[in-house]
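Trainee: From the sequence below, what's the structure:
(chains A and B)
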Amino acid sequence: MTDIRVRIAPSPTGPLHLGTARTALFNFLFARHTGGTFIFRLEDTDQARSSVEFERDILDGLHWLGITWDEGPAVGDEPERGTFGPYRQMARVARYAEAADRLLAEGKAYYCYCTPAELDAERKRQEETHEPTRYNGRCANLTLAERAAFEAEGRRPVVRFRVPRSRVIAFDDMIRGHVEIDTDALGGDLVIVRSDGTPLYHFTVAVDDAAMAISHVIRGEDHLSNTPKHILLFEALGVAVPRFAHLPLILNPDRTKMSKRKSQTAVADYRAQGFIPEGFVNYLALLGWSTGTEEEVLSSAELVEKFDLATVNKAGAVFDRERLEWLNGQWIRRLPPDDLVNRLRPFLQAEADAGRIDWLPTDEEIRSLLPVVQERLPVLAKVGELIGFLFVKDLDPDLALLVPKRWDVATTSVGLEAARRTIAATGEVAWEAEEIEAPLRRLVEDRGWKAGDLFMAIRVAVTGRTATPPLFDTMVALGYERTLARLDRAIEKLGAQAASST
RNA sequence: GCCCCCAUCGUCUAGAGGCCUAGGACACGGCCCUUUCAAGGCUGAGAUCAGCGGUUCGAAUCCGCUUGGGGGUACCA
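Mentor: Sure, this is the predicted structure:
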């Protein structure tokens, strides 16, 4: 039993973001490494932008990554687990109201009747006179009569939390060390409840972290400047202040905070492109952290074992897709065959759905292709490009590709015809890679050709591509009859070309 | 504007005062392997450790300043 409790608190206002996934992962690694408890809480108080679809996407995405939590929604087959719930903020509104009332009663907060338009005007004025933009405290000490007058005007108040003047808030960030921020830089008294009665982020996060006994707040650096607000709120609420750890941001190539506009940020998109959880998690963990050794291909279990917040970097990290693909390929190569077959199936199904292949191979067929496929896949979605030609009825090879660089149409024609005869002579019973290769090499030698030229012509005739898995294995997979048929088709096409050019 | 954070190859990073003529990985070039593409092996190029001042016998590592970058500054989260 340990009292370490950490949480991920995503807002369902968009699909699962890479940055959220990374923050979740670091919380998860910290919790598992220390034997602490990991909590999932949904911050859905922005009702205008929240949706259940996004909620689903976030839950699915984290599950896919193998990031599991001990308390929160969707744990195992339970809709919700944990004794600190509910874990969805809209189901906790009564608690925020109660907390707000308490702050109000204690004079730590007050009703503010300023309208957004008035606030905007004030902010604009401050900007023009180069004053720091902050709430001017106009409603900080309203009399009952003044309040009544505003109410009579039909104004609905917000609740503002009193931020003390000129006090230095200091905390020891587990990643950044000692940080001090003056409360004068906080923008004045802070709105904690909207005029429609719904609570705001800074308030809910403090109320919930307190209620859920969160011991360590591990989140993105974008929250660093807001931390004093939370500390003030924890103090006002009369609860212990948790420890903080602010993770470096994930960056666009131009080193700005990673955004949808400039980068691919949705985890679901990476999943659809054939990244696998092992590779993705490995990559994310190494964005801003390293073991301090030269090991880089690390399983989730190894990450848990080695993870340490103290060695997390301070500087932001540019997201590098090439490195992600390399790491993903490393993990694909390590997958057991049956496992890989299962993971490939949906991608082949997608090829079929898109009409790029005419039928779906069986598991046995996929499995037999693994030796030539596994090391050629940086991402699973590349499988169609790699072996799709095996599952199409008709192939129409491009003439320009069919004729090898050093050959002309006539030579290619002669070459393929000779190859066709040689291959046909191999026969269906001896249809194995070595059996096909040996006579073709003899043919090449007899005619004084270069093996590469003939093989390239055959490759294009049989696959339609210049880059394929090993040719003879490919032909075996294609089958005797279909190989000959494709060679015939290519020969025919070359013949037509020869005729038309004379 | 104000506040906060950050700063080692293009990118991710190792580096916690001498082990650094700065190591690894991705990407890039070459070679090997080879029927193409990969994978793998070897190898090369790539960083005046942002700059300037200190501290020290000694600094990428400690301190200060400057510069640059980023983040925050909502009735978003």
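Trainee: Please count neighbours and contacts with C-alpha atoms only from this point.
Mentor: OK.
Trainee: Would you double-check that A:Val297 falls in a strand?
Mentor: No: counting by DSSP: H, G, I helix; E, B strand; the rest coil, A:Val297 falls outside a strand, being coil.
Trainee: residues contacting it?
Mentor: Residues near A:Val297 by C-alpha atoms under 8 Å, 6 or more residues apart in numbering: A:282, A:327, A:330-331.
Trainee: restrict the residues you listed to contacts with RNA strand B.
Mentor: Applying C-alpha under 7 Å from any atom of the strand to these, one finds that A:Gln330 fall near RNA strand B.
Trainee: biggest separation within the contacts of A:Val297, which pair?
Mentor: By the measure C-alpha to C-alpha, A:Asn282 and A:Gln330 form the most distant pair in the contacts of A:Val297, at 10.4 Å.
Trainee: more neighbours, the two?
Mentor: Ranked by neighbour count (other C-alpha atoms under 10 Å), A:Asn282 and A:Gln330 place A:Asn282 first, with 21 against 17.
Trainee: Number of residues surrounding the spatially closest residue to that one that is not a sequence neighbour?
Mentor: Leaving aside its chain neighbours, A:Asn282 sits nearest to A:Leu298 (6.1 Å; criterion: C-alpha to C-alpha, 6 or more residues apart in numbering). Residues within reach of A:Leu298, counting by other C-alpha under 10 Å, total 20.
Trainee: Same question for A:Pro470.
Mentor: Using other C-alpha under 10 Å, A:Pro470 has 12 other residues around it.
Trainee: For it, which residues are in contact?
Mentor: If you count contacts by C-alpha under 8 Å, 6+ apart, then A:Pro470 has A:Val372 around it.
Trainee: if you set the cut-off to 10 Å instead, what comes out?
Mentor: By C-alpha atoms under 10 Å, 6 or more residues apart in numbering, A:Pro470 lies in contact with A:372-373, A:433, A:459.
Trainee: cool, and A:Phe28?
Mentor: Counted by C-alpha under 10 Å, 6+ apart, A:Phe28 has contacts A:6-8, A:22, A:34, A:36-39, A:66-70, A:304.
Trainee: hmm, try it at 6 Å
Mentor: Contacts here follow C-alpha atoms under 6 Å, 6 or more residues apart in numbering; on that basis A:Phe28 touches nothing.
Trainee: And it, its phi and psi?
Mentor: Note on A:Phe28: its backbone torsions stand at phi -60, psi -50 [degrees, to the nearest 10].
Trainee: And it, how far from A:Gly448?
Mentor: Counting by C-alpha to C-alpha, to the nearest Å, the gap from A:Phe28 to A:Gly448 is 64 Å.
Trainee: A:Thr198 too?
Mentor: From A:Thr198 over to A:Gly448 (counting by C-alpha to C-alpha), the distance is 83 Å.
Trainee: Compare those two and say which one has the larger neighbour count.
Mentor: More crowded of A:Thr198 and A:Gly448, by other C-alpha under 10 Å: A:Thr198, with 19 against 9.
Trainee: what's the closest non-adjacent residue to that one?
Mentor: Taking C-alpha to C-alpha, 6+ apart, and ignoring the residues beside it in sequence, A:Thr198 has A:Thr45 as its nearest neighbour in space, at 6.9 Å.
Trainee: Count the residues that sit near that neighbour.
Mentor: 22.
Trainee: and what of A:Asp358?
Mentor: 17.
Trainee: Let me see the mean pLDDT of stretch A:18-28.
Mentor: For stretch A:18-28, mean pLDDT is 97.
Trainee: Alpha carbons of it, as PDB, please.
Mentor: Included here for stretch A:18-28 are C-alpha records, laid out as PDB according to Å, rounded to 0.1, in the frame of the first residue of the first chain:
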ATOM      1  CA  LEU A  18      -0.400  12.600 -29.000                       C
ATOM      2  CA  GLY A  19       0.500  14.900 -26.100                       C
ATOM      3  CA  THR A  20      -2.300  13.600 -24.000                       C
ATOM      4  CA  ALA A  21      -1.200  10.100 -24.700                       C
ATOM      5  CA  ARG A  22       2.400  10.900 -23.800                       C
ATOM      6  CA  THR A  23       1.300  12.600 -20.500                       C
ATOM      7  CA  ALA A  24      -0.900   9.600 -19.800                       C
ATOM      8  CA  LEU A  25       2.000   7.300 -20.500                       C
ATOM      9  CA  PHE A  26       4.400   9.100 -18.100                       C
ATOM     10  CA  ASN A  27       1.700   9.000 -15.400                       C
ATOM     11  CA  PHE A  28       1.200   5.400 -16.000                       C
END
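Trainee: A:Glu153: how many residues sit nearby?
Mentor: 9.
Trainee: Without its sequence neighbours, what residue ends up closest to A:Gly85?
Mentor: Closest residue in space to A:Gly85, ignoring its immediate chain neighbours: A:Gly72 at 7.3 Å, by C-alpha to C-alpha, 6+ apart.
Trainee: Go ahead and confirm that neighbour touches A:Tyr87.
Mentor: Yes: using C-alpha atoms under 6 Å, A:Gly72 is in contact with A:Tyr87, at 5.3 Å.
Trainee: who touches both of those two?
Mentor: Between them, A:Gly72 and A:Tyr87 share the contacting residues A:Arg41, judged by C-alpha under 6 Å, 6+ apart.
Trainee: Secondary structure for the contacts of A:Val297 - can I get that in TSV?
Mentor: TSV is the format used below for the contacts of A:Val297 (three-state DSSP):
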residue	secondary structure
A:Asn282	helix
A:Leu327	helix
A:Gln330	helix
A:Trp331	helix
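Trainee: and the residue nearest to A:Gly85, that one's in a strand?
Mentor: Yes: per three-state DSSP, A:Gly72 lies within a strand segment.
Trainee: Mind listing residues that contact stretch A:106-114?
Mentor: Outside stretch A:106-114, the residues that reach it (C-alpha under 6 Å, 6+ apart) are A:103-104, A:139, A:157-162.
Trainee: Buried ones in the top helix by length along chain A, by neighbour count?
Mentor: Among the elements of chain A assigned as helix by DSSP state H, the one spanning the most residues is helix A:480-500. By 16 or more other C-alpha atoms under 10 Å, the buried positions in helix A:480-500 come out as A:480, A:482-491, A:493-494.
Trainee: Tell me the spatial nearest neighbour of the residue in the stretch 251-400 of chain A positioned nearest to RNA strand B, not counting adjacent residues.
Mentor: RNA strand B sits closest to A:Gly288 of the stretch 251-400 of chain A, with a gap of 2.8 Å, by C-alpha to the nearest atom of the strand. Counting by C-alpha to C-alpha, 6+ apart, A:Gly288 lies nearest to A:Asn313, which is 5.1 Å off, once chain neighbours are set aside.
Trainee: quick one: the one you found from A:Glu351, how far?
Mentor: Distance of A:Asn313 to A:Glu351, computed by C-alpha to C-alpha: 41 Å.
Trainee: Compare the two (neighbour count), which wins?
Mentor: The residue with the greater number of neighbours, taking A:Asn313 and A:Glu351 and applying other C-alpha under 10 Å, is A:Glu351; the counts read 20 against 17.
Trainee: Doesn't the more buried one lie inside a helix?
Mentor: Yes: secondary structure of A:Glu351, determined by three-state DSSP: located in a helix.
Trainee: for it, what are its contacts?
Mentor: A:Glu351 is in contact with A:Ile357, counting by C-alpha under 6 Å, 6+ apart.
Trainee: which residues in the stretch 401-502 of chain A form helices?
Mentor: When secondary structure is read from DSSP state H, counting those that start in this stretch, the stretch 401-502 of chain A shows helices at A:409-426, A:433-447, A:451-463, A:471-478, A:480-500.
Trainee: what's the closest of the ones you listed to A:Pro79?
Mentor: Nearest to A:Pro79 among the helices of the stretch 401-502 of chain A is helix A:471-478; the distance by C-alpha to C-alpha comes to 46.6 Å.
Trainee: before we move on, the earlier item: and the residue nearest to A:Gly85, what are its bridge partners?
Mentor: Applying DSSP bridges to A:Gly72 yields these beta-bridge partners: A:Arg81.
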